[in-house]
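K.L.:
pasting the structure only:
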């Protein structure tokens, strides 16, 4: 199944690349949207390796697209779900640093906290969770960050993770 998803990405990339040189701006948008939606379908089917390859291809072909920040976020999400936490950190930081107006800012910052937590770096995790609460207080991401802070506080109060 994994090869099937990657094969689709390669076929799409060939078709897209050859048709792009003749495409009008509206067609370029349609093309980028179709590729993005196809890769999202792979992600939703938990075909993370294929989705990762697809989102990377999307970034190569459509780095100036309005969907570029989203694609970069989903690259990080694929890496996170595959346990590639250090790669995921880089991808989520890429969104935070390079797409300041993106609607994925809150989600990327939250994922930074969750990724740091997976890596056992609870100090940086807390910093990211607090940043989400401070900068995006009325979001669902802030609700998740508050809960993560509460759990971390409970863990710390109970002495988990502290050495003697």
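P.N.:
Great, that's in hand. Note that this is a predicted model, so its numbers are computed, not measured.

K.L.:
any idea how far residue 108 is from residue 100?
P.N.:
Noted for residue 100: a distance of 11 Å to residue 108, by CB to CB, to the nearest Å. (Glycine included, C-beta is placed from N, CA and C.)

K.L.:
Neighbour count: these two, which is higher?
P.N.:
A direct count of neighbours by other CB atoms under 10 Å for residue 100 and residue 108 places residue 108 higher, at 25 against 9.

K.L.:
Secondary structure element for the more buried one, which one?
P.N.:
helix 105-118 (DSSP states H and E).

K.L.:
Check residue 87 too.
P.N.:
Assigned by DSSP H and E, residue 87 falls in helix 85-98.

K.L.:
how many degrees apart are that helix and helix 105-118 in direction?
P.N.:
What separates the directions of helix 85-98 and helix 105-118 is an angle of 150 degrees, with axes from the mean of the first three to the mean of the last three CA atoms, to 10 degrees.

K.L.:
helices or strands up against helix 85-98?
P.N.:
Other helices and strands packing on helix 85-98, by 3 or more CB pairs under 8 Å, 6 or more residues apart in numbering; DSSP states H and E, are helix 68-81, helix 105-118.
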